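K.L.:
I'd like to go over a predicted model; first the sequence, then the structure.
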Amino acid sequence: MYKIIKKEKLTEDIDRFYIKAPLIAEKAKPGQFAVIRINEEGERIPLTIADYDRKNGTISLVSMRVGKTTTLLSGLKQGDSIQDVVGPLGNASEIKNFGKVICIGGGVGIAPVFPITRELKRAGNYIISIIGARSKNLLILKEEMENVSDELYICSDDGSTGYHGFVSGFLKEYLDKDLSGNKDKETSIARVIAIGPAQMMAAVAEVTRSSCIKTIVSLNSVMVDGTGMCGACRVEVNGKTKFVCVDGPEFDAHQVNFNLLLSRQKIYCDDEGVCFDLYKHKCRLPQ
Amino acid sequence: MAKGISKKELKKEKIPRVAMPEQDPEKRSGNFNEVTLGYTEEDALREASRCIQCKNPKCIKGCPVEIDIKEFIKLIREKKFDEALEKIREKNGLPAICGRVCPQEDQCEKECILGIKDDPVAIGRLERYVADREMRHIAEGIKKCAWSKVTKKCTKEKVAVIGSGPAGLVCAAELAKMGYRATIFEALHKPGGVLVYGIPEFRLPKEIVLKEIEYVKSLGVKIEVNMVIGKILTIDDLFKNGFKAIFVSTGAGLPYFMGIPGENLNGVYSANEYLTRSNLMKAYKFPECDTPIVKGLRVAVIGGGNVALDSARTAKRLGAEKVYLIYRRSEEEMPARDEEIEHAREEGIEFQLLANPVEIAGRNGWVNKIRCIRMKLGEPDDSGRRRPVPIEGSEFEIEIDVAVMAIGQGPNPLLASSVPDLNLTRWGNIKAEAVTGKTNIRGVFAGGDIVTGAATVILAMGAGKSAAAAIDEYIRTGIW
Ligand SMILES: Cc1cc2nc3c(=O)[nH]c(=O)nc-3n(C[C@H](O)[C@H](O)[C@H](O)COP(=O)(O)OP(=O)(O)OC[C@H]3O[C@@H](n4cnc5c(N)ncnc54)[C@H](O)[C@@H]3O)c2cc1C
Ligand SMILES: Cc1cc2nc3c(=O)[nH]c(=O)nc-3n(C[C@H](O)[C@H](O)[C@H](O)COP(=O)(O)OP(=O)(O)OC[C@H]3O[C@@H](n4cnc5c(N)ncnc54)[C@H](O)[C@@H]3O)c2cc1C
Ligand code: SF4
Ligand code: SF4
Ligand code: FES
C-alpha cells in the first residue's frame, strides 16, 4: 500500500497527489512514469511521475479525471492509500545543454513537462515555455513553469487567458516571427519538447517538421503491465513497431504515426463507458 | 510363467486407466471454472492399483525432478496419502500445479512400462489428487496446516530472487529450507509469473497457485511485488544492499508478432496481453472488475502451443461464437499438450491447420479479416519437424473481430539491458551454466525460461532447485 501524504486540487478535474514511495523517489528521473492500481478490482493505469522528493521519499502524480480509475483516484483523500504503485518505468528524458529549448505542455500534459523543463533549465538551457489549456481556470502549474522558464507563454482555446488558440498555433507564430522582437524569424531553437493530448502533439510535430527542429513527444498509449510484456502500448515509429513503456515514452515526433496512436487510444472507449456508468450508477454519482 | 509377480501384473493391466471427471464441454465453454474435476479417493485407489511397482521404474527418469513415483503410488495404495504427498514434496514443492499442467505424456507417463501395451499410469492425476486432498482437508479443518511446522526464521545470508514464476518460487523455497534469507522481487502486483498471468483459471485455478505461494512464504521467503528490477533497483544495488547472491528468473515475457501488415489494428492482441487482461486483471468479470477486453464474436488465434490453445479457449469463454485456431503445421506437430488439444476440440474450437496468416485487414482502424495461405509440409528443419511451405495461389480469408497472436515469446530485455556486462545468447537469453545456473557475473545465477526460452513449469522448477544448491555452495565456499 502506498500512502497519500498530501492532495491538492489544481483545477476542478485535476488533482496532485504526493505519495510515499521512497524507493521510487530515489530512482525517478524526469520523463519516467508509474503504473498504479487503486484496489483489488482496479485497472492498471500509467501516470507520469510529475515530481519526486528524494529527501522526503515522496513522488507526486497529477491526474485528470477522465474515466473510472481517475475518478476513483480523485475520490481518495490525504491519508488514504493506493494499493499498487510501480515505477519508475520507461526511459528518462535526455537532459543536457542543447542551447535554446521550447517546452510545450497542453492540459494535464503540463505536469509531466514541468520536471523536464526544470532539469533542462538546470543543465543551462535557455527555456521558452508554452503552456495551454481549454480555459483559464483549467490551466495548471503556471507559477512552477514560470520559475524554470526564461520566457513563458500562455494559451487558451477560448481566449480567456493569454494567446487565443492552441499551443501549436502559438508555436507557429512564434517560429515565424520571433515574438521577443529581436529578429524576424526564430532559427536558433535546438529542440522542442511537447507533451499533451495526442492531437496536440501531432499538431506540434506538423509545425516543426518544415523547419526541421528536433521535436520530442511523450506518447500516452493504452498500457497494462508497463514492462514490455504485453504489447498493448505498441505504436509505430519510423515504420517500426515500438513499445511505449520500454522503448519510450519519448520519441522523435516526426517519426510517430499519430493516426495509429489516436486510433489505438479508442480501443476501449465503449467498454470504459460501460464500466464507468455502472460505477456511477452504484455510487449515485451525477451522470 | 516368468518371475513371481507377473501373474498379479497381468491381472492389474486389465484395469483400464481411470478417466478424469470433467465438466461437460458445452457447459464449461461458458464458464471459467476448472475443466477437470479431479479424482475421487476411489478413482485414485483404483488408478494407483494399476501400477505394477516395477523393479526398474522407468517413470522416475521421465520426471525432470525425479520424483520417487513408484514409492508415492505405493503409499497411495496403502491409503497413506499424507506420506505420499511428503514423498512428492521431497522433490517437488508445487505438486498441485505440476499434477495439472506438466506435459506428462512427454515425461513421466511416456516412460511408464504400462504404456508399452496399455495406457500408462495416470501419474499426474495421482500427484494432483494427494495435493488437492491436503488442501481440502486443511480448508475443512480436518488437518492442521502442515506448513506451520516448517515455518522458521531464516538467519543465514541474504539472497535475492528476481521473478516469482515457478523457477523463482522453487529457488527461494529451497534456499529458505537451507536457512537463507531469500527475498523474491516481482514486477507485477501478484506473484506467480505465468502461473498467474498466463495459464487460465479453467486450467489452473488461481486459488491453488495462491496456496502454493503461501506455502513458499511459510518457509520464510519474503515476496516483494511491484518491484521492476533494472528500474527501481539494479543488480548492483542488490549486492550493495547486502544480498550475497542473485538468482535471475525473469521468464520469457516478450511477445512476438509476425511482422505482417495489419498487426497493430485495434482488436489484434498478443497472447500475453489477451491472457493477462483475462487472468491477472480478471477482464472476464468486466465490468465488475475494471479492466476491459475486446470480446469478438469471431476470433482467430494464431499458433499451436499451449499459449494458443489457452487463448482460443479463453475467447470461447468470453462469448465468441466462432474461434479459429490457425496453425501452420499439422496437428501432429502441435506443441500443445494432447489433453488440451482434445479439450479444445470438445469445446468447439475450429482448427485451421496447415494455414498461415499473410495479412490482417481492417476497416476504420479495426480488424475485420485475416488473410491466410495454405501450407504443406516439406523437409524436416533444425527442430526435426517438417518445415511448412506455402502453397502458391491458395490464399483464403476469414472474417474476424479479434485476432490473437500466440506465435511465441522471447526473453524480456528489461533486466538484461540494465546489466551491460551480462552475457546473452544472440536471441537475448541469459547464458548460464547447465545445472548450477552460473552466469558470467560473479554471484549472479539464472534459470527457467530466461535461460532456456519458453519451456515448461517443471523444467523451470528444476532449474530453480539446482541453482539453489549451487548458490548454497557458492556462499559457503566463496568459490565461483
Ligand atoms: C506514459 C503515460 C503517462 C501518462 N501520464 C498521465 C498523467 O500524468 N496524468 C494524467 O492525468 N494522465 C496521464 N496519462 C493518461 C492516463 O493513463 C489515462 O487518463 C488513464 O488511463 C485513464 O483511465 P480511466 O480509467 O480514468 O479512464 P478510462 O475510462 O479508462 O478512459 C477514458 C478515456 O481516456 C483515454 N485513455 C484510456 N486509457 C488511456 C491511456 N493509458 N492513456 C491515454 N488515454 C487513455 C481513452 O480515450 C478513454 O476512452 C498517461 C498515459 C501514459 C501512457
Ligand atoms: C499461456 C501459457 C500456458 C502455458 N502452459 C503450460 C503448461 O500447460 N505446462 C507447462 O509445463 N508449461 C506451460 N507454459 C510454460 C510455463 O508457464 C513456463 O515455462 C514457466 O512459467 C517458466 O517459469 P519461469 O519461472 O522461468 O518464468 P515466468 O513464469 O515467466 O515468471 C517470470 C516472472 O518474472 C517477472 N519479471 C520479469 N522481469 C522482471 C524484472 N525485471 N523484475 C522483477 N520481476 C520480473 C515476471 O513478471 C514474472 O512474474 C505455459 C506458458 C504460457 C505463457
Ligand atoms: S512433476 Fe510432472 S513429470 Fe514429474 S511426476 Fe509429476 S507430473 Fe510427472
Ligand atoms: S513405470 Fe509405471 S508401472 Fe512402473 S512403477 Fe512407474 S508408474 Fe508404476
Ligand atoms: S504496457 Fe505492456 S508492453 Fe507496454
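P.N.:
Good, I have the coordinates. Ligands and ions are numbered 1, 2, ... in the order given.
K.L.:
Residue of the stretch 1-150 of chain A closest to chain B, please.
P.N.:
Using CB to the nearest CB, the closest approach of the stretch 1-150 of chain A to chain B is made by A:Glu43 at 4.0 Å. (Glycine included, C-beta is placed from N, CA and C.)
K.L.:
Based on its surroundings, how many neighbours for that residue?
P.N.:
If you count neighbours by other CB atoms under 10 Å in any protein chain shown, A:Glu43 ends up with 24.
K.L.:
for B:Thr452, same thing?
P.N.:
Using other CB under 10 Å, B:Thr452 has 18 neighbouring residues.
K.L.:
now A:Asp53
P.N.:
By other CB under 10 Å, 14 other residues sit near A:Asp53.
K.L.:
how far away is it from ligand 5?
P.N.:
Using CB to the nearest ligand atom, to the nearest Å, one gets 27 Å for the distance from A:Asp53 to ligand 5.
K.L.:
Which of the helices or strands spans B:Leu204?
P.N.:
Using DSSP states H and E, B:Leu204 is not contained in any helix or strand.
K.L.:
contacting residues around it?
P.N.:
When contacts are counted by CB atoms under 8 Å, 6 or more residues apart in numbering or on different chains, B:Leu204 touches B:34, B:97, B:100-101, B:195.
K.L.:
Spatially central, which residue of chain A would that be?
P.N.:
By CA atoms, centre = their mean, the mean C-alpha position of chain A lies nearest to A:Gly109, the distance being 3.2 Å.
K.L.:
What spatial separation is found between it and B:Glu332?
P.N.:
Note on A:Gly109: its distance to B:Glu332, by CB to CB, to the nearest Å, is 54 Å.
K.L.:
thought the residue of the stretch 1-150 of chain A closest to chain B was touching B:Met281?
P.N.:
Yes: A:Glu43 is in contact with B:Met281 according to CB atoms under 8 Å; the separation is 6.9 Å.
K.L.:
what touches both of these two?
P.N.:
Common neighbours of A:Glu43 and B:Met281 (criterion: CB under 8 Å, 6+ apart): B:Thr291.
K.L.:
Contacts only, for A:Lys266.
P.N.:
Contact analysis of A:Lys266 by CB under 8 Å, 6+ apart lists B:266, B:365.
K.L.:
Backbone dihedrals for it, please?
P.N.:
Backbone geometry at A:Lys266, expressed as degrees, to the nearest 10, gives phi -90, psi 0.
K.L.:
With ligand 2 as the reference, measure out to it.
P.N.:
A:Lys266 is 28 Å from ligand 2, by CB to the nearest ligand atom.
K.L.:
now B:Leu94
P.N.:
Separation of B:Leu94 from ligand 2 (CB to the nearest ligand atom) stands at 11 Å.
K.L.:
For that residue, which non-adjacent residue is closest in space?
P.N.:
Distances taken as CB to CB, 6 or more residues apart in numbering or on different chains place B:Glu212 nearest to B:Leu94, at 5.0 Å, with adjacent residues excluded.
K.L.:
quick one: that neighbour and B:Cys98 touch, right?
P.N.:
No: assessed by CB under 8 Å, B:Glu212 is found out of contact with B:Cys98, at 10.0 Å.
K.L.:
of these two, who's got more company?
P.N.:
Using other CB under 10 Å as the criterion, B:Glu212 and B:Cys98 rank with B:Cys98 on top: 28 against 23.
K.L.:
so the more buried one sits right up against B:Asn92, yeah?
P.N.:
Yes: at 5.9 Å, B:Cys98 counts as touching B:Asn92 under the criterion of CB under 8 Å.
K.L.:
anything in contact with each of the two?
P.N.:
B:127, B:458, B:461.
K.L.:
interface residues of chain B facing chain A?
P.N.:
Chain B has residues B:187-189, B:225-228, B:231-233, B:253-255, B:257, B:263-264, B:266-267, B:269-270, B:272-273, B:276-277, B:281-282, B:285-294, B:365, B:412-414 near chain A, with proximity defined as CB under 8 Å from any CB of the partner chain.
K.L.:
In helices, which of the residues you listed fall?
P.N.:
B:272-273, B:413-414 (DSSP state H).
K.L.:
Next, the buried residues of stretch B:262-274.
P.N.:
Buried positions in stretch B:262-274, judged by neighbour count with 16 or more other CB atoms under 10 Å in any protein chain shown: B:262-274.
K.L.:
repeat for stretch B:59-68
P.N.:
Applying 16+ other CB under 10 Å to stretch B:59-68 flags B:59-60, B:62-65, B:67-68 as buried.
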